[in-house]
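Q: Fold the stuff below for me.
(2 chains)
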Amino acid sequence: MAEAGPVLDVRNLTMDFGGLRAIDSVSLDIMPGEIVALIGPNGAGKTTFFNCVTGLYTPTSGEILLSARGQRKRLNGLKPNHITALGMARTFQNIRLFPHMTVLENVMIGRHCRTRSSIFGAIFRPPATRQEEAESIEISYGLLKEVGLTALVDETANNLPYGAQRRLEIARAMATEPALLLLDEPAAGMNPSETRELQALILRLREKHDLSILLIEHDMKLVMSLSDRVCVLEYGTQIAQSTPEEVSRDPRVIKAYLGEEADA
Amino acid sequence: MQGLKKSLLTAVWFMFLTFPIMVIRVNTIEKTIVWRWENLALVGISVFLLSYVWRFLMSRRERGNKQNAFATDDRAQAFRALIEDRRIRYSLIAAFAIFVGVFPFLFSMYQVNIMISALIYIMLGLGLNIVVGLAGLLDLGFVAFYAVGAYAYALLNLHFGLGFWAVLPMAAVLGAFVGILLGFPVLRLRGDYLAIVTLGFGEIIRLVLENWGTFTRGPSGISNIPRPDLFGLEFGLQGRIIYMYYVVLALVLFTIAVVTRLKYSRIGRAWMALREDEIACQAMGIDKTQTKLMAFSLGATWAAMAGVVFAAKTSFINPASFTFLESAMILSIVVLGGMGSTVGVILGALILILLPEYLRAFAEYRMIVFGAIMVLFMVFRPQGLIRDRRLKRRFHPAESSKGAEAVPTGEGMARGAGSHG
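A: All right, here's what the predicted structure looks like:
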């Protein structure tokens, strides 16, 4: 069952917006069960990288290959929903929940691509549909239990406190049964204790669901303690990629983060 | 005090503005000027009072104390608790059902006829509610599908002699098909752009009906459309109206059942997700195109069925029945009733269709009063009469208590869930 190759294999990804090269020939692979962090100063192209990989943008050139759910697929030019169905899910930097739906319904939306019932199923409710719906609820409730939101199942998403919204977004992404989870600044705006909980949650999810994780994060403490590998971007180019310890010693990374003087 | 001063200022301003038309009257024949000072006083006093009441209501609203024509939150809460009491709820529903059931025998044929139109609009409103309320696609050309249904019945009956019951399902399928056909080109659009394009489509359909004389008989319309029959049984005039009432009532109940089921299904959730956040919706694996087309075609299905009923009820149709005003009316029903809420749409349809009828006492001021009521509604109740409430799921007590105990708040998250898994 264990796949030998990387879950995600990105080769020479380049993304141009008109004359601006937002990402310049970045290569990155993620092995099964690995947690890789993507870091870099603001505007380095991290979120653009995410958007290319998840299909929101079509990259100018390069290859994106995903090996999940027993198949290997080239993702370039596929629609976001198609990519999610192939086994990749994401969260957003600025939380994008469905504000007027309940917490449970938010997670159940994630089940959409793993369920089949059609309009006729919805209208006539044959046993198959009812069973599918019950399963959906059960799985979603289980995920909410994992992220600790069971007390709020019936609350609408916009009534949730900030940290809970972040966790709900993760639960929603998990409901799509991903092999690779992309987290865009999951700890943004969290206090240290919330960040610690988040870290525990991410590790737990990886353990339980055989998950690979790619995350963008500015909280260096979290990045250093969580990730197996760190990839550093600056102005759209990759300036380093290795273990957290090595990256933190890399002079070019220090320069990118702290400016010229730190070099001297 | 501040309010009084502001109202006074408004009154003075209005007196100044209306001075030339309300006070001075020049008699061009006798070359005299009549000064009607009493009008000035009238304008001043009424503007002052209106402005003061308006300000008072607005300040109340701003204080979050929604104590206006409806109920305070407390009262609403009490009302909700009352409704949630099972016995009271069921007896209320039973009483309402009996009332609806015997309605045609209690009231005059005129009333029954009005009620039939109101029921048709409930169907239309619920259909549009799928498109606008659930999927969030602003459709201003909904009447096009209504026309398709009506003309389908009229023409199929004219040329092939098909009856009401045969055409009803055919029109539903035709409506869905036309919905998909019109839906395809507008899929990329959202919000205002979608509204404009659908508005255009609505007008195109009407113009085609008006100008394709050989096919649709143009503006003179089609008459002698038969009313529905009951296994070949014919009724007298009164019987026909009563039968029509029950036919429409049954269709409305069918619509309510289907729409409610759709709303709480996988598809309904996808529609709502699409309405809430298109990008997140796609990122969660929902096919945007397919979901939008489904909403469009299902909405159209109901419009087409309502069209068949309309043609059967009036037994005469022409393109004048399917103007933009009709689309606007249906949209108002959905918005005023409360987007997404089934009960809201039903109430909205009843109010918007019945109100003008019962406002006939106001004679020529009827539409002004009607418009004023709509404006007031939207100012003080922007979310609509009934806000859509999401279904609460009741988990088995054992399960939910276990969940709550494992995870009381965010703080205990790591600990609690860790011990479980």
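Q: rest of the way, CA atoms for contacts and neighbours
A: OK.
Q: Number of residues surrounding the residue in chain B positioned nearest to chain A?
A: Closest residue of chain B to chain A, CA to the nearest CA: B:Gly285 (3.7 Å). Using other CA atoms under 10 Å in any protein chain shown, B:Gly285 is surrounded by 28 other residues.
Q: and the gap between it and A:Pro80?
A: 7 Å (CA to CA, to the nearest Å).
Q: ranges for the strands of the chain?
A: Since no chain was named, I'll use chain A. A:8-17, A:20-30, A:35-39, A:61-68, A:71-74, A:88-90, A:180-184, A:212-216, A:229-234, A:237-242 (DSSP state E).
Q: I was after chain B.
A: Under DSSP E, chain B gives strands at B:24-27, B:32-35, B:222-223, B:316-317.
Q: Other residues contacting the first one?
A: Strand B:24-27 is touched from outside by B:Thr32, B:Ile33, B:Val34, B:Trp35, B:Arg36, with contacts defined as CA atoms under 8 Å, 6 or more residues apart in numbering or on different chains.
Q: pLDDT on stretch B:115-133, on average?
A: Throughout stretch B:115-133, pLDDT has a mean value of 93.
Q: centre of the chain versus it, how much separation?
A: Taking CA atoms, centre = their mean, to the nearest Å, one finds the center of stretch B:115-133 at 6 Å from the center of the full chain.
Q: Report the buried residues of stretch B:252-270.
A: Neighbour-count burial for stretch B:252-270, counted by 16 or more other CA atoms under 10 Å in any protein chain shown, picks out B:252, B:255-256, B:258-263, B:265-270.
Q: For chain A, tell me which of these show up nearby.
A: When CA under 8 Å from any CA of the partner chain is applied, the members of those adjacent to chain A are B:Val258, B:Arg261, B:Leu262, B:Ser265, B:Arg266, B:Ile267, B:Arg269, B:Ala270.
Q: all helices for the stretch 201-350 of chain B, in order.
A: B:213-216, B:237-263, B:266-276, B:278-283, B:288-314, B:324-337, B:342-358 (DSSP state H, counting those that start in this stretch).
Q: which one of the ones you listed is the most hemmed in?
A: helix B:288-314 (a mean of 26; mean count of other CA atoms under 10 Å in any protein chain shown).
Q: just checking, the residue of chain B closest to chain A touches A:Thr84?
A: Yes. Counting by CA atoms under 8 Å, B:Gly285 touches A:Thr84, with 5.1 Å between them.
Q: what touches both of those two?
A: Joint contacts of B:Gly285 and A:Thr84 (CA under 8 Å, 6+ apart) are A:Cys113, A:Thr176.
Q: where does chain B have low pLDDT?
A: B:1, B:64-80, B:82-84, B:231-234, B:391-421 (pLDDT under 70).
Q: Grab the most central residue of it for me.
A: B:Ile333 (2.0 Å; CA atoms, centre = their mean).
Q: Then chain A?
A: The centroid of chain A falls nearest to A:Leu182 when counting by CA atoms, centre = their mean (1.3 Å).
Q: Check the burial of the closest residue to B:Phe56 other than its chain neighbours by counting its neighbours.
A: Distance criterion CA to CA, 6 or more residues apart in numbering or on different chains; nearest residue to B:Phe56, sequence neighbours excluded, is B:Gly3 at 7.9 Å. The tally of other residues near B:Gly3 (other CA under 10 Å) stands at 14.
Q: What residues sit buried inside stretch B:156-175?
A: Neighbour counts over stretch B:156-175 (16+ other CA under 10 Å) mark B:156-158, B:163-164, B:167-168, B:170-175 as buried.
Q: cool, stretch A:237-254 as well?
A: Buried, per 16+ other CA under 10 Å, within stretch A:237-254: A:Thr237, A:Gln238, A:Ile239, A:Ala240, A:Gln241, A:Thr243, A:Pro244, A:Val247, A:Ser248, A:Arg252, A:Val253.
Q: do the same with stretch B:211-231
A: B:Thr216, B:Arg217, B:Gly218, B:Pro219, B:Gly221, B:Ile222, B:Ile225, B:Pro226, B:Arg227, B:Pro228, B:Asp229.
Q: Hmm, B:Glu210 and the fourth one touching each other?
A: If I follow you right, that is B:Pro219. Yes. Using CA under 8 Å, B:Pro219 is in contact with B:Glu210, at 5.1 Å.
Q: Now list whatever residues contact both of those two.
A: B:Pro319.
Q: any idea of the pLDDT on A:Leu86?
A: 92.
Q: Pop the domain breakdown of chain A in here.
A: If you go by automatic domain parsing, the domain ranges for chain A are A:1-87+A:178-264, A:96-175.
Q: what does the average pLDDT come to for the shortest one?
A: Spelled out, that is domain A:96-175. Rounded mean pLDDT across domain A:96-175 is 90.
Q: what about that domain, near chain B?
A: Yes. Domain A:96-175 lies within reach of chain B by CA under 8 Å from any CA, at A:96-102, A:105, A:109-110, A:112-113, A:117-119, A:122-123, A:133, A:145-151, A:154, A:163-164, A:172-173.
Q: Could you say which of the strands of chain B is packed most deeply?
A: strand B:316-317 (a mean of 21).
Q: Describe which strands it pairs with in its sheet and in which direction.
A: The pairing partners recorded for strand B:316-317 under DSSP bridges are strand B:222-223 (antiparallel).
Q: Helices along the stretch 101-250 of chain A, start to end?
A: Using DSSP H, counting those that start in this stretch, helices in the stretch 101-250 of chain A cover A:103-110, A:119-124, A:127-147, A:162-174, A:192-209, A:220-226, A:244-249.
Q: follow-up on the earlier one: my read: the residue nearest to the centre of chain B touches B:Val345, true?
A: Yes. Counting by CA under 8 Å, B:Val345 is a contact partner of B:Ile333 at 6.1 Å.
Q: who touches both of those two?
A: Common neighbours of B:Ile333 and B:Val345, counting by CA under 8 Å, 6+ apart, are B:Gly125.
Q: one step back: next, format the domains of chain A as TSV and append distance to B:Tyr246.
A: Compiled in TSV, the domains of chain A are given as follows (distance: least, CA to CA, whole Å):
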stretch	distance to B:Tyr246
domain A:1-87+A:178-264	45
domain A:96-175	22
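Q: And the nearest residue to B:Asn318 once chain neighbours are set aside, its phi and psi?
A: Closest residue to B:Asn318 apart from its sequence neighbours, by CA to CA, 6+ apart: B:Gly221 at 3.9 Å. Main-chain dihedrals, B:Gly221, degrees, to the nearest 10: phi 80, psi -180.
Q: now swap in B:Ile225 and tell me
A: Backbone torsions of B:Ile225, given as degrees, to the nearest 10, read phi -80, psi 130.
Q: and the gap between it and B:His159?
A: 12 Å.
Q: Could you single out the nearest of the buried residues of stretch A:237-254 to B:Ile373?
A: A:Thr237 (61.3 Å; CA to CA).
Q: Leaving out chain neighbours, which residue sits closest to the closest one?
A: A:Thr237 sits nearest to A:Asp24 (CA to CA, 6+ apart), 5.2 Å away.
Q: Do me a favour and get the end-to-end distance for stretch A:168-188?
A: Terminal residues of stretch A:168-188 lie 15 Å apart, using CA to CA.
Q: chain center to that stretch: distance?
A: That offset, for stretch A:168-188, works out to 5 Å (CA atoms, centre = their mean).
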